[in-house]
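Chemist: predicted structure and sequence below. I'll ask about it afterward.
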Amino acid sequence: MSVLEMKVPSPGESITEVEIATWLVKDGDYVEKDQPIAEVDSDKATLELPAEQSGVITLKAEEGDVVQVGQVVCLIDMDAAKPAGNAVPAAEAPKQEEAPKAAEPAKQEAPKPAAAPQTYATGAPSPAAKKILDEKGIDASQVSGSGRDGRISKSDAELAAVPAFGGNPITATGSRSTTTTKLSVLRRKIAQRLVSVKNETAMLTTFNEVDMSEIFRLRKQYKEEFAQKHGVGLGFMSFFTKAVTRALQMYPDVNASIDGDFKVNYDFCDISIAVSGPKGLMVPVLRNAENMSFAGVEANIKDLATKVRDGKITVDEMTGGTFTITNGGTFGSMMSTPIINPPQSAILGMHNIIQRPVAVDGQVVIRPMMYVAMSYDHRIIDGKESVGFLVAVKEAIDNPVGILMGGDERKGLGL
């Protein structure tokens, strides 16, 4: 019998263990080669595990198990015959019916117990319950006890509602169930990283606002021609990515990180773009974004976002990055203080766009405005650099044709 031992492949450099998030097949199922059989969580991504050969599978790990890279998680019997079209997999085959058991003699119903007699303890609260009722200002006579002999327990007191406007207190009658689920490896790692950022960096946030009028005009005027020529839509992210890469080249200390007692400056702009996926927030990276056109940025973001939402993003595509852009405005956020994505030293937060009155040339006009926020590590980025960086981003967004397109909007958009 030829049996293949399937081992956990390495999802990427520095990853030594993964967690079995979900088995997509059952023990005894017949699987085809390259069929996804499991989803595994690492501390950087959730990845699918494909079957290496066709055959009947035997699972060797449970959902939630943390397994080492290279550990055997299932066996595949490659000699097993593929079931016919109507055959039922072994895991789903009905069990042979057992012989009917001999009829059991009818059980006589036990007589119902008589109502418990009233005692001196009936309606009396326990010491813990009395303390809670006193704190709530509730009379014990208004609470029904569920303890022995009708005694009011601590839980009875906790459930008793404070009377509204002199009314009688009532106990909770709706559902009070709770559900406990284990956090995925990815979510636990994110939690650890976010806490470490707050504890280990001198993080500050500076704010500004940008006028989106020109970007609105460009998108309205050229969106159809841009999509027809380049095959992608003209979105906001390409303008912000181009504005950020320009500002990073103007303020190189923002495009840097700390390594022990050393500062590492990068000559390239690898921009991490925060994307919300089914497993949480992911940050795929645009490599050398400073050399990309508007169409190149839009195409790469679309490709990476699709991979995140389909669960096909790789660890390599999320590794690295020298600066992050996150857009909470897609969910309606008006203002926030984004948290730095370590080991990077800064992050730009975009927010929702609201028509607001602003003063332009001494006149009050209505413009589409957005608040932007930049969080930065004050250990290597001073206030002058952080404010200057954000002002440079603002200038480019307020005047994209003059600053990002060299004065020629059609040529700048590749039309």
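Modeler: Ah, there it is. Because the structure is a prediction, the values reported are computed rather than measured.
Chemist: look at T205 and give its secondary structure.
Modeler: strand (DSSP: H, G, I helix; E, B strand; the rest coil).
Chemist: which parts of stretch 228-245 are buried?
Modeler: 230, 232, 234-245 (16 or more other C-beta atoms under 10 Å). Every residue, glycine included, has its C-beta placed from N, CA and C.
Chemist: could you redo those residues as JSON lines and give each row secondary structure and pLDDT?
Modeler: Shown next, in JSON lines, are these (DSSP: H, G, I helix; E, B strand; the rest coil; pLDDT from 0 to 100):
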{"residue": "H230", "secondary structure": "helix", "pLDDT": "93"}
{"residue": "V232", "secondary structure": "coil", "pLDDT": "91"}
{"residue": "L234", "secondary structure": "coil", "pLDDT": "92"}
{"residue": "G235", "secondary structure": "coil", "pLDDT": "90"}
{"residue": "F236", "secondary structure": "helix", "pLDDT": "92"}
{"residue": "M237", "secondary structure": "helix", "pLDDT": "92"}
{"residue": "S238", "secondary structure": "helix", "pLDDT": "93"}
{"residue": "F239", "secondary structure": "helix", "pLDDT": "95"}
{"residue": "F240", "secondary structure": "helix", "pLDDT": "96"}
{"residue": "T241", "secondary structure": "helix", "pLDDT": "95"}
{"residue": "K242", "secondary structure": "helix", "pLDDT": "95"}
{"residue": "A243", "secondary structure": "helix", "pLDDT": "96"}
{"residue": "V244", "secondary structure": "helix", "pLDDT": "96"}
{"residue": "T245", "secondary structure": "helix", "pLDDT": "96"}
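Chemist: just the residues you listed now: which is nearest T201?
Modeler: Nearest to T201 out of the buried residues of stretch 228-245 is V244 (C-beta to C-beta; 19.9 Å).
Chemist: is it true that the closest one touches A392?
Modeler: No. Taking contacts as C-beta atoms under 8 Å, V244 lies outside contact range of A392: 9.1 Å.
Chemist: buried ones in the helix or strand where S375 lies?
Modeler: In the assignment (DSSP states H and E), S375 maps to strand 363-377. By 16+ other C-beta under 10 Å, the buried positions in strand 363-377 come out as R367, M369, M370, Y371, V372, A373, M374, S375, Y376, D377.
Chemist: after that strand, which helix or strand is next?
Modeler: helix 383-398.
Chemist: convert the C-alpha atoms of that following helix to PDB, please.
Modeler: Taking C-alpha atoms only, helix 383-398 is exported to PDB below (Å, rounded to 0.1, in the frame of the first residue of the first chain):
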ATOM      1  CA  GLY A 383       8.100  67.000  14.800                       C
ATOM      2  CA  LYS A 384       9.600  69.100  12.000                       C
ATOM      3  CA  GLU A 385       9.900  66.000   9.700                       C
ATOM      4  CA  SER A 386       6.500  64.600  10.600                       C
ATOM      5  CA  VAL A 387       4.700  67.900  10.000                       C
ATOM      6  CA  GLY A 388       6.600  68.600   6.900                       C
ATOM      7  CA  PHE A 389       5.900  65.100   5.500                       C
ATOM      8  CA  LEU A 390       2.200  65.500   6.100                       C
ATOM      9  CA  VAL A 391       2.100  69.000   4.600                       C
ATOM     10  CA  ALA A 392       3.900  67.600   1.500                       C
ATOM     11  CA  VAL A 393       1.200  64.900   1.200                       C
ATOM     12  CA  LYS A 394      -1.500  67.600   1.600                       C
ATOM     13  CA  GLU A 395       0.100  69.800  -1.200                       C
ATOM     14  CA  ALA A 396       0.200  66.900  -3.600                       C
ATOM     15  CA  ILE A 397      -3.500  65.900  -2.900                       C
ATOM     16  CA  ASP A 398      -4.700  69.500  -3.100                       C
END
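Chemist: tell me what angle it forms with strand 363-377.
Modeler: Interaxial angle, helix 383-398 versus strand 363-377 (axes from the mean of the first three to the mean of the last three C-alpha atoms, to 10 degrees): 130 degrees.
Chemist: and the residue nearest to the spatial centre of the chain, how close does it get to Y30?
Modeler: In the chain, the centroid-proximal residue (C-alpha atoms, centre = their mean) is G280; its distance is 1.7 Å. Applying C-beta to C-beta, to the nearest Å, the value for G280 to Y30 is 33 Å.
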